[in-house]
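A.B. asks: 3D model of this:
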Amino acid sequence: MIKMENKYKIILSYIQDLSVEIPSPESLITIRNTTPEYRMSVDISTKPAKRKMLEVLTILTYANPNKKKAQGYFQIKYATVIDILDLKIEKKELEKIVLCDLQTKIYPDLEKKFLTILKNSGLPDLTFGKKIDFEELYKARLNQK
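C.D. replies: Numbering: from 1, shown residues only. Got it, this is the predicted structure:
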């Protein structure tokens with residue numbers, strides 16, 4: 001049996017879209033004072049690319065779910081193009097690669113890029129709390145089916 005790492009290869013990764021919204025100086029002060037309330041959410045989608053390649057879009061959104069009026073909004077859309085090396089791959093295996101294995105591999109770099117952008121946008125003391133455990137999320141998703 002082929003190991004997971006040999007079933008795909010990352011061709012390229014890049015920031016596809018970036019949104020940093022701080023409407024005013026007052027908003028920035030409010031954001032700085034309420035950062036413990038902010039939460040990171042992750043959304044993953046895929047679309048086929050040419051020649052057995054797949055574009056995986058990982059979207060990180062950092063926002064305050066408690067605010068009705070947006071004080072600040074931060075989102076990064078990170079595209080990763082992977083080449084599927086195993087042509088006989090099962091759908092379930094591919095799903096695990098996209099939702100778990102690939103995310104675990106790219107996330108540390110993606111988080112670092114996003115954090116650097118936010119720190120340079122006026123949030124110098126910002127740190128993200130708990131790391132996202134993609135293995136745990138994937139297992140939870142399997143249990144929901």
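
A.B. asks: Next up, the contacts around residue 52.
C.D. replies: 83, 84, 87 (C-beta atoms under 8 Å, 6 or more residues apart in numbering). Glycine gets a C-beta too; all of them are placed from N, C-alpha and C.

A.B. asks: do you know how far it is from residue 86?
C.D. replies: 9 Å (C-beta to C-beta, to the nearest Å).

A.B. asks: likewise residue 12?
C.D. replies: Computed with C-beta to C-beta, the distance linking residue 12 and residue 86 is 20 Å.

A.B. asks: before we move on, what about residue 102?
C.D. replies: Applying C-beta to C-beta, the value for residue 102 to residue 86 is 14 Å.

A.B. asks: so what secondary structure elements neighbour the longest helix along the chain?
C.D. replies: Longest helix in the chain, counting residues (DSSP state H): helix 102-120. Helices and strands touching helix 102-120, by 3 or more C-beta pairs under 8 Å, 6 or more residues apart in numbering; DSSP states H and E, are strand 8-21, strand 53-63, strand 73-84, helix 134-144.

A.B. asks: for residue 29, helix, strand, or coil?
C.D. replies: Following DSSP: H, G, I helix; E, B strand; the rest coil, we place residue 29 in the helix state.

A.B. asks: just to revisit the earlier point, quick one: closest of the helices and strands packed on helix 102-120 to residue 40.
C.D. replies: strand 53-63 (5.4 Å; C-beta to C-beta).
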